[in-house]
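1. the following block contains a protein sequence and its predicted model.
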Amino acid sequence: MMVSKTLRRSGVAVGIVAEYLEWKADVIYQVGVGDQHEEVNVLMEEWGPDLKIIGCEPHPEINLSKYPGVVHQVAVSNYQGETLLHSKRRHKGGSSLFPHIKKRSDDNYKEIRVPVTTLDSLFPTPEVGRLLLWLDCEGSELAVMQGGTNFLKHVTVVNIELTAKAPGVGWATPVQMHNFLAESGFWLQYLHTQRMGNGQNDGIYVRPELFKPEYCCLPHEIIRWEEAIDEGARIAAWGGEE
């Protein structure tokens, strides 16, 4: 499959990485749909009409009529009940379950009470096939994964926003999210969509059967991969025991 020029212009690195890994999703679970859906629209064009897209978006004022999938209007975290969504007028898609530290006078912040649940509760039986989990939920990414440990077992690829310069208290750090994903059996294949001023980029994590060190420019992951290969060889040499 050749990735289209449209996909390259849109900056959807997921499709480009998937091409090199010779992989494509059957189902995308998107936590944090927001008010712009161009990226998933383009992926649907690339991967075909059979691609199934399932989203979660808690903001009641975001127009979801053109979203190319099924949307659950609920916040996702590591608990169930109700919570406050901290919303800003100028960018509803940037709303968060955590209050922002700095507020511009023209942002017109408000708090909206919304239902909150977990991935394991919302999707106790995930779809069958190659699953892509797309996390862009303004600081709740780690909590979402903690509330979806069973769900995550069915996921092949994770595209996740990593933010070092958090605009609010409570946001998980890139180190915390990386460690959680590494402990859950994922490898960081690629970083993309860097926003230097925000200390932010997205990471594409994959299962070991997909990971290709020749397409990885992250020294720490290549070293970790080589150490894992060496350890596996040692275990095999000892008949399956260290």
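-> In hand now; what should we look at? Numbering: from 1, shown residues only.
2. low pLDDT regions in this protein?
-> 1-11, 89-93, 102-107, 233-237, 239-242 (pLDDT under 70).
3. which parts of it belong to which domain?
-> 5-211, 218-242 (automatic domain parsing).
4. and those as CSV, adding mean neighbour count?
-> To be clear about C-beta, it is placed using only N, CA and C from the backbone, and glycine gets the same treatment. Listed next are the domains of the chain as CSV, based on neighbours: other Cβ atoms under 10 Å:
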stretch, mean neighbour count
domain 5-211, 17
domain 218-242, 11
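5. quick one, what contacts the residue lying closest to Gly129 once chain neighbours are set aside?
-> Spatial nearest neighbour of Gly129, excluding adjacent residues (Cβ to Cβ, 6 or more residues apart in numbering): Asp26 at 3.2 Å. The contact partners of Asp26, taken as Cβ atoms under 8 Å, 6 or more residues apart in numbering, are Asp50, Leu51, Lys52, Glu127, Val128, Gly129, Arg130, Leu131.
6. and with 10 Å instead?
-> Trp47, Gly48, Asp50, Leu51, Lys52, Glu127, Val128, Gly129, Arg130, Leu131, Leu132, Thr156 (Cβ atoms under 10 Å, 6 or more residues apart in numbering).
7. mind checking the longest helix of this structure?
-> The longest helix of the chain (DSSP state H) is helix 219-237.
8. report all helices and strands that that helix contacts.
-> helix 174-183, strand 187-195 (3 or more Cβ pairs under 10 Å, 6 or more residues apart in numbering; DSSP states H and E).
9. quick one, which of those is nearest to Gly168?
-> helix 174-183 (15.1 Å; Cβ to Cβ).
10. outside of the closest one itself, list whatever touches it.
-> Outside helix 174-183, the residues within contact range by Cβ under 10 Å, 6+ apart are 135, 141-142, 145-146, 149, 152, 158, 160-164, 166, 171-173, 186-188, 191, 199-201, 203, 205-206, 220-221, 224.
11. among those residues, name the ones in strands.
-> Among the contacts of helix 174-183, the ones falling in strands (DSSP state E) are 135, 158, 160-163, 187-188, 191, 200-201, 203, 205-206.
12. can you add distance to Gly232 and give those residues back as CSV?
-> Below are the ones in strands among the contacts of helix 174-183 laid out as CSV (distance: Cβ to Cβ, whole Å):
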residue, distance to Gly232
Leu135, 29
Val158, 23
Ile160, 26
Glu161, 32
Leu162, 28
Thr163, 34
Trp187, 14
Leu188, 19
Leu191, 26
Gln200, 34
Asn201, 30
Gly203, 24
Tyr205, 20
Val206, 18
